[in-house]
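> Provided below are the primary sequence and the corresponding predicted coordinates.
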Amino acid sequence: MNIEDAGELIKKRRTSLGVDQRSLSEISGIAVHTLSNIEAGKGNPTVATLDRVLQALGMELRIQIKEK
């Protein structure tokens, strides 16, 4: 999954919960500007940042490494 897809999922989950970006920022400890960039599929957030946002939304980050 790329950042664009992840950002779309995060935005859908946030809006389905009725949470605005400012509230999510307060809950997750991630700046509103950073959240906006993630939802827009921009930037290069760290795994730790994505994990904090997802946990605040009741979601889980899973990383799978596959050998080709």
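Nice, I can see it.
> longest single helix anywhere in this protein?
The residue-count maximum for a helix in the chain (DSSP state H) belongs to helix 3-16.
> May I see the buried residues of that helix?
Judged by neighbour count using 16 or more other Cβ atoms under 10 Å, the buried positions of helix 3-16 are 3, 6, 7, 10, 11, 13, 14. The C-beta positions use only the backbone N, C-alpha and C, and glycine is treated the same way.
> what residues does that helix touch?
Defining contact as Cβ atoms under 8 Å, 6 or more residues apart in numbering, one finds that helix 3-16 is touched by 20-21, 24, 38-45, 50, 53-54, 57-59.
> run the last query once more with 10 Å
Under the criterion Cβ atoms under 10 Å, 6 or more residues apart in numbering, residues 1, 19-21, 23-24, 35-45, 50, 53-54, 56-59, 61 lie in contact with helix 3-16.
> got it, and stretch 40-49?
Stretch 40-49 is contacted by residues 2-8, 11, 28-31, 33-38, 51-53, 61, 63 when judged by Cβ under 10 Å, 6+ apart.
> what's the model's confidence in that stretch, averaged?
The predicted model assigns stretch 40-49 a mean pLDDT of 93.
> what's the offset of that stretch from the middle of its chain?
7 Å (Cα atoms, centre = their mean, to the nearest Å).
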